[in-house]
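Colleague: Sequence plus predicted model, see below.
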Amino acid sequence: MAVWERIVRDTKVVRNLKMLYGHTCQVCQEPLDRGFGDPLVEGHHIKLSL
């Protein structure tokens with residue numbers, strides 16, 4: 001029997017961060033687009049300084 005562990009993230013936080021940064025990469029500062037007006041941005045391991 002296989003056991004899977006999954007981290008459940010708050011998608012509202014991810015959506016808000018994408019909007020806050022204008023769907024632009026925080027590392028390279030480039031907007032990423034799939035080529036047909038659909039922004040391609042993933043929320044990955046970004047540490048926030050509060």
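Modeller: Right, received. Where do you want to start?
Colleague: The residue nearest to Lys18 when sequence neighbours are not counted in helix, strand or coil?
Modeller: Distance criterion C-beta to C-beta, 6 or more residues apart in numbering; nearest residue to Lys18, sequence neighbours excluded, is Val41 at 5.2 Å. Every residue, glycine included, has its C-beta placed from N, CA and C. Assigned with DSSP: H, G, I helix; E, B strand; the rest coil, Val41 falls in the coil class.
Colleague: which residues touch Val41?
Modeller: Taking C-beta atoms under 8 Å, 6 or more residues apart in numbering, we find Val41 in contact with 18, 21, 23-25, 32.
Colleague: Format the residues you listed as TSV; extra columns: neighbour count, pLDDT and secondary structure.
Modeller: Below are these laid out as TSV (neighbours: other C-beta atoms under 10 Å; pLDDT from 0 to 100; DSSP: H, G, I helix; E, B strand; the rest coil):
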residue	neighbour count	pLDDT	secondary structure
Lys18	15	81	helix
Tyr21	15	84	coil
His23	14	82	coil
Thr24	15	83	strand
Cys25	13	80	coil
Leu32	12	75	coil
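Colleague: so can I have JSON lines of these showing distance to Asp10?
Modeller: Below are those laid out as JSON lines (distance: C-beta to C-beta, whole Å):
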{"residue": "Lys18", "distance to Asp10": "13"}
{"residue": "Tyr21", "distance to Asp10": "17"}
{"residue": "His23", "distance to Asp10": "18"}
{"residue": "Thr24", "distance to Asp10": "21"}
{"residue": "Cys25", "distance to Asp10": "21"}
{"residue": "Leu32", "distance to Asp10": "22"}
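Colleague: any low-confidence regions in the chain?
Modeller: 43-50 (pLDDT under 70).
Colleague: Report how many residues lie close to Pro39.
Modeller: 12 (other C-beta atoms under 10 Å).
Colleague: Having no further points to raise, I will conclude here.
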